[in-house]
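>>> For reference, the sequence and a predicted model appear below.
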Amino acid sequence: MEVENAGAAIQPKTIFPVLIAISLSHLLNDTVQSLIPSIYPIVKDSFHLSFTQIGFITLTFQLSASLLQPIVGSFTDKKPQPFSLATGMAFSLVGLVLLSKASSYAIILVAVSLIGIGSSVFHPEASKLAYMAAGNRRGLAQSIFQVGGNAGSSIGPLLAALIIEPYGQGNILWFSLLAFAAIIILSKLGFWYRNHLSLRKKSKTISTESHIHLSKGKIISSVVILLVLIFSKYFYLASMTSYYTFYLIHKFNVSVQSSQVYLFIFLASVAAGTILGGPLGDRFGRKYVIWFSILGAAPFTLILPHANLFFTCVLTVFIGVIIASAFSAILVYAQELLPGKIGMVSGLFFGFAFGMGGLGSAVLGALADKTSIEYVYQLCAFLPLIGLLTAFLPNLKRKTA
């Protein structure tokens, strides 16, 4: 990627080298993040943890990764920090090293919170960078950005099965190389970001921001609906990312390594589905994509608890592809509702998504301890029906200034 061509960023065309670089860094970031649920079977046995304690690990990580995101996004909207991305990744690097050496449950919590802090800086700033490079194809840009993260989330469990599970917790240290590579990429993107800001200040190009002609109350109610849809999506995803391996081990008596391969298949389908939502939203309207991507998963989630191992795998592919198309469409829809507050909106929605994932993991872990892991999936099957709320979202009509 060349930073000398930063001037092109102020043009309406899409800057694909920047989008590819930020997507690659998202892949590296989320590969690191996905190690946390991937090592749950290992640390559960090593430290004799309950499902509730496993859920609290996720809650600690997700809260540290979510609470700061709107604050970071709002602050950088007012005072851009081009090199904050690389700084945030340094926190993740330290967290990885600490996690590989953790000798107690408390140290594990500290390590995952550091990785979470790195994520809280990365997501709002990286999403804003994708928005800057999007030109007139914002949905596509967010999908390219998102698919990197989902690909990383799917690769993480597979790498954990190959590198960590056979050899132990200490091999987590190898993944610090991924964080270091991400720091290098994000440093180069920081120069592009800085040059873009400098040229934008000098430029007298007419603004192409979209203005939405809706009342304040309608905008607020629309944001609330979007956040409820995020709740349904990420509570369901929490059941898959945190407990799918336990579900397969308990119900079908598969090995730990086999369960991680099945988790990889699900997460790979999520990565494949992510790329669809943004471009389809650009073409047909984001509301319709949101409607389909949340509500459309319901038939498959309702059947899943009653399927055998083969059809469980097949159904999770459909669920992953369908439900994954939601986030890019939801995020761009929200960004267009509140133009000029891209960092704050990105931080709010990424943060809320992380928070709901963490809360979902903790709640579902406690529920699994009190009932059974099968009951958790029977209950979560109804979450996509919340997608019916999409009917109350307005069709956005934009006027360019």
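Looks like it arrived, so ask away. Fair warning: this is a prediction, and the values are worked out from it, not measured in the lab.
>>> Give me the nearest residue to residue 257, chain neighbours excluded.
residue 161 (5.0 Å; Cβ to Cβ, 6 or more residues apart in numbering). Just so you know, the C-beta spots here come from the backbone N, C-alpha and C atoms, and that holds for glycine as well.
>>> Might you report the residue contacts of that neighbour?
38, 256, 257, 260, 261, 264 (Cβ atoms under 8 Å, 6 or more residues apart in numbering).
>>> and if we set it to 10 Å?
38, 245, 255, 256, 257, 258, 259, 260, 261, 263, 264 (Cβ atoms under 10 Å, 6 or more residues apart in numbering).
>>> just the buried members of those?
Buried members of those, scored by 16 or more other Cβ atoms under 10 Å, are 38, 245, 256, 258, 259, 260, 261, 263, 264.
>>> Quick check: closest non-adjacent residue to the second one.
Distances taken as Cβ to Cβ, 6+ apart place residue 259 nearest to residue 245, at 3.9 Å, with adjacent residues excluded.
>>> ok, the buried ones among the contacts of residue 161 vs residue 230, which is closest?
Nearest to residue 230 out of those is residue 263 (Cβ to Cβ; 21.9 Å).
>>> need the contact list for that closest one.
Contacts for residue 263 (Cβ under 10 Å, 6+ apart) come out as 34, 37-38, 153-154, 156-158, 160-161, 240-241, 244-245, 248, 316.
>>> wait, doesn't residue 18 sit right on residue 191?
No. Applying Cβ atoms under 10 Å as the test, residue 18 and residue 191 come out as separate, 11.2 Å apart.
>>> Between the two, which has more neighbouring residues?
Neighbour count, other Cβ atoms under 10 Å: between residue 18 and residue 191, residue 18 has more, with 27 against 16.
>>> follow-up on the earlier one: the buried ones among the contacts of residue 161 into TSV, with extra columns for secondary structure, pLDDT and distance to residue 24?
Converted to TSV, the buried ones among the contacts of residue 161 look like this (DSSP: H, G, I helix; E, B strand; the rest coil; pLDDT from 0 to 100; distance: Cβ to Cβ, whole Å):
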residue	secondary structure	pLDDT	distance to residue 24
38	helix	76	20
245	helix	90	27
256	helix	84	29
258	helix	89	29
259	helix	90	28
260	helix	82	23
261	helix	87	24
263	helix	88	22
264	helix	84	19
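>>> Reformat these as CSV; add distance to residue 136.
Below are those laid out as CSV (distance: Cβ to Cβ, whole Å):
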residue, distance to residue 136
38, 38
245, 42
256, 47
258, 45
259, 43
260, 41
261, 40
263, 37
264, 35
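>>> now, among those, which is nearest to residue 379?
residue 245 (18.5 Å).
>>> ok, now how distant is the closest one from residue 166?
As judged by Cβ to Cβ, to the nearest Å, residue 245 and residue 166 stand 16 Å apart.
>>> ditto for residue 194
44 Å.
>>> Looking at these two, which is more packed in?
residue 194 (16 against 9).
>>> Name the nearest residue to that one, sequence neighbours excluded.
Nearest residue to residue 194, sequence neighbours excluded (Cβ to Cβ, 6+ apart): residue 82, at 4.1 Å.
>>> Doesn't that neighbour belong to a strand?
No. Read with DSSP: H, G, I helix; E, B strand; the rest coil, residue 82 is coil and lies in no strand.
>>> Just give the number of residues close to it.
By other Cβ under 10 Å, neighbour count at residue 82 equals 21.
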